[in-house]
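Chemist: here is my input; please provide its structure:
(chains A and B)
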2 protein chains.
Amino acid sequence: MSEKYAVGVDLGGTNVRYGIVSKGGKTTFERSRPVEGNRTPAKIIDILTDIAREAKTRANISGIGIGAPGIVDFDAGSVIRSPHYPSWRDFELRALLAKRTGLPVVLDNDANMIAYGEAGYGAGKGLKNFVMITLGTGIGGGIVIDGKVFHGDHGFAGELGHQVIFFDGAHCDCGGRGCWETMVSIEGIRQISGLDPKALFDMAANGDRRAFAAWQKFGEYFGAGVASLANVLGIFNFVIGGGIGNALKFFLGPAKKEITRRTFGETAKRLNLIPAGLGDMAGIMGSARMALYGKK
Amino acid sequence: MSEKYAVGVDLGGTNVRYGIVSKGGKTTFERSRPVEGNRTPAKIIDILTDIAREAKTRANISGIGIGAPGIVDFDAGSVIRSPHYPSWRDFELRALLAKRTGLPVVLDNDANMIAYGEAGYGAGKGLKNFVMITLGTGIGGGIVIDGKVFHGDHGFAGELGHQVIFFDGAHCDCGGRGCWETMVSIEGIRQISGLDPKALFDMAANGDRRAFAAWQKFGEYFGAGVASLANVLGIFNFVIGGGIGNALKFFLGPAKKEITRRTFGETAKRLNLIPAGLGDMAGIMGSARMALYGKK
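Modeler: Below is the predicted model of the structure:
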């Protein structure tokens, strides 16, 4: 008997990244394809079908997992809409791809797939409950309860970036204002410091005081949101990933101080901020894992 | 065979309210006792033991459920601390009472018991997931997932009043600032209008424009917090109770407008604000129900 494998797909705005992953979490093959000019549902299904065909020539593939950006109806297996793919409306990706490939397909929001990857193979391994926070252009969120991704009523759970932290704050892409990700994001760092995260990271690494002050402010905003989530969810483990997550050491201290201020002592002393373990492979590995270990 | 009953206890700051409740949700006996001067753990156990004895003379009692104010460690069956009972520190109420009465005891936070009561016998009946919001001095919260109260890692989940909505807002009793309940509470209504909720309710009932404007502001604050919870949890049903909940008709409109502004369209169109069904009996009924239907 050969080991079981699945294809994990991380469907980004400009590239489709994918890999072949074993049940034990070993990635044996990894590639990327551009999607430029092939953004319609039909073209995307063509690309994904060809990826499945390619994978089948290399391993004993038992399923495909797709992490897609945007609002995913997990139960229906469809992408309701996606900011990166404006032509998608209730795109029934799961059923269409299963029909074309003859393989079982699972579809979830990309941030949920990252959470599920970290749950099985990364920093969330062994944790019953945790919250995954991916810091980048916006905030990707996933709530893991009893080792499974919590989907809420229709699969939209985990839009952590759109918790309201600044009631009268800046306008957000979602149409609201003062959402957490207006300040806790690349754009938020620009607002705070006038710089991009990479530049601010390098300055802090070189001991620049102004950069420390900016990361401190960022840490306070970040910490207020984590405190809010800890109070609501009673979950004490937070796994932090994404590009900005790499700067955790610069904002961990101020974040912890803010969390202590804004939670009950019983929560504050138990709360852990844990660096993600899988880097940019989390989405591929989580998607494959969901295909291998069942829908949830 | 006689029907099974449990004692449900709603342990307040000044009174212990209790009742005998059948599996079907019928309350056959209801009483209240003052706790003045009897606030130590030992005295409270005496009172609860006597309540159990009284109940046993009246029905076939199979267990006791206690809803307690404060921070409850659900797994341990203890009250870590309670603002109403300053002498309580890791008070192992569940084990002590079970030993004294010879009956199974379940212990949970009072707001969680209210949620569990509404889940079985009230406005949450038949809902897979919902969020219970009890509006009063503060905000009591309970998150029901798959028909059960979600406890998080140690039982502190559902502190909805301490989600951060106003980053730089007013100081909160919890030590933080800008918590939701600083504005969405009796004190919040005083801040908004200079009046108590009852007076503001009566003025609005009489068509007073200034009162409408105050309820509108309150509805916006309330709606922002509901939107935040809907974005994080992906849960679409919210059951609203508590004294201020009775004024829902005055702030429902502005709240819905605010929720629509602050959530994705897919969420906004599915979101329901549902008036609670059990009034001030929810705590007693939920506590009894948890004793009858198992720990969770």
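
Chemist: residue contacts, the residue nearest to A:Thr101 when sequence neighbours are not counted?
Modeler: Leaving out its chain neighbours, the residue that sits closest to A:Thr101 by C-beta to C-beta, 6 or more residues apart in numbering or on different chains is A:Ala52, at 4.3 Å. Just so you know, the C-beta spots here come from the backbone N, C-alpha and C atoms, and that holds for glycine as well. Going by C-beta atoms under 8 Å, 6 or more residues apart in numbering or on different chains, A:Ala52 touches A:Val7, A:Ile61, A:Ile64, A:Leu97, A:Arg100, A:Thr101, A:Leu103.

Chemist: which strand or helix spans A:Ala52?
Modeler: helix A:41-56 (DSSP states H and E).

Chemist: so which bits of that helix are buried?
Modeler: By neighbour count with 16 or more other C-beta atoms under 10 Å in any protein chain shown, helix A:41-56 contains the buried residues A:Pro41, A:Ile44, A:Ile45, A:Ile47, A:Leu48, A:Thr49, A:Ile51, A:Ala52, A:Ala55, A:Lys56.

Chemist: mean confidence score for it?
Modeler: The pLDDT scores in helix A:41-56 average 97.

Chemist: centre of the chain to it, how far?
Modeler: Relative to its chain's centre, helix A:41-56 lies at 23 Å (C-alpha atoms, centre = their mean, to the nearest Å).

Chemist: same check, this time on stretch A:230-243
Modeler: With C-alpha atoms, centre = their mean, you get 13 Å for stretch A:230-243.

Chemist: and the least confident helix or strand in chain A by mean pLDDT, C-alpha only, in PDB?
Modeler: Across the helices and strands of chain A, mean confidence by mean pLDDT, DSSP states H and E is lowest for helix A:265-268: a mean of 91. Listed next in PDB are the C-alpha coordinates belonging to helix A:265-268 (Å, rounded to 0.1, in the frame of the first residue of the first chain):
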ATOM      1  CA  GLY A 265      -6.100  38.500  35.100                       C
ATOM      2  CA  GLU A 266      -7.300  34.900  34.700                       C
ATOM      3  CA  THR A 267      -7.200  35.400  30.900                       C
ATOM      4  CA  ALA A 268      -4.000  37.500  30.700                       C
END
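
Chemist: wait, does the helix or strand just after that helix contact chain B?
Modeler: Remark: after helix A:265-268, the chain's next helix or strand is strand A:272-275, criterion DSSP H and E. No. Strand A:272-275 lies apart from chain B when judged by C-beta under 8 Å from any C-beta of the partner chain; the minimum separation is 10.5 Å.

Chemist: contact partners of strand A:272-275?
Modeler: Contacts for strand A:272-275 (C-beta under 8 Å, 6+ apart): A:123-124, A:130, A:226, A:236-241, A:245, A:248, A:252, A:255-256.

Chemist: 7 Å instead?
Modeler: A:Ala123, A:Phe236, A:Asn237, A:Phe238, A:Val239, A:Ile240, A:Gly245, A:Leu248, A:Leu252, A:Ala255 (C-beta atoms under 7 Å, 6 or more residues apart in numbering or on different chains).

Chemist: what about chain B: which of those touch it?
Modeler: Restricting these to those near chain B by C-beta under 7 Å from any C-beta of the partner chain leaves A:Phe236.

Chemist: state the pair within the contacts of strand A:272-275 that is farthest apart.
Modeler: A:Phe236 and A:Gly245 (18.4 Å; C-beta to C-beta).

Chemist: those two: which is more packed in?
Modeler: Per other C-beta atoms under 10 Å in any protein chain shown, whichever of A:Phe236 and A:Gly245 has more neighbours is A:Phe236, with 22 against 18.

Chemist: list just the nearest of the contacts of A:Ala52 to chain B.
Modeler: A:Leu97 (22.0 Å; C-beta to the nearest C-beta).

Chemist: that closest one contacts A:Ile45, correct?
Modeler: Yes. The pair A:Leu97 and A:Ile45 passes the contact test of C-beta atoms under 7 Å, sitting 5.9 Å apart.

Chemist: now the common contact residues for these two.
Modeler: With C-beta under 7 Å, 6+ apart as the test, A:Leu97 and A:Ile45 reach no residue in common.

Chemist: name the helix or strand for A:Ala214, please.
Modeler: helix A:209-233.

Chemist: go on, A:Val144?
Modeler: Going by DSSP H and E, A:Val144 is in strand A:139-145.

Chemist: what is the distance between that strand and the centre of its chain?
Modeler: In terms of C-alpha atoms, centre = their mean, the centre of strand A:139-145 is set 7 Å apart from its chain centre.

Chemist: what does stretch A:112-132 give?
Modeler: On C-alpha atoms, centre = their mean, the centre of stretch A:112-132 falls 11 Å from the chain's centre.

Chemist: averaged pLDDT, it. What do you get?
Modeler: Mean pLDDT, stretch A:112-132: 98.

Chemist: that one spans what distance, first to last residue?
Modeler: This stretch, stretch A:112-132, spans 8 Å end to end (C-alpha to C-alpha, to the nearest Å).

Chemist: other residues contacting that stretch?
Modeler: Applying C-beta under 7 Å, 6+ apart, the contact partners of stretch A:112-132 are A:25, A:65, A:67, A:134, A:140-147, A:149, A:158, A:229, A:233, A:235, A:237-239, A:241, A:274-278, A:282-283, A:285-287, A:289-290, B:152-153.

Chemist: wait, a helix at A:Leu107?
Modeler: No. Read with DSSP: H, G, I helix; E, B strand; the rest coil, A:Leu107 is strand and lies in no helix.

Chemist: now do it: how many residues are near it, please.
Modeler: By other C-beta under 10 Å, 31 other residues sit near A:Leu107.

Chemist: what sits against it?
Modeler: So, once contact is read as C-beta under 7 Å, 6+ apart, A:Leu107 ends up touching A:Ile66, A:Ala68, A:Val72, A:Gly77, A:Leu93, A:Arg94.
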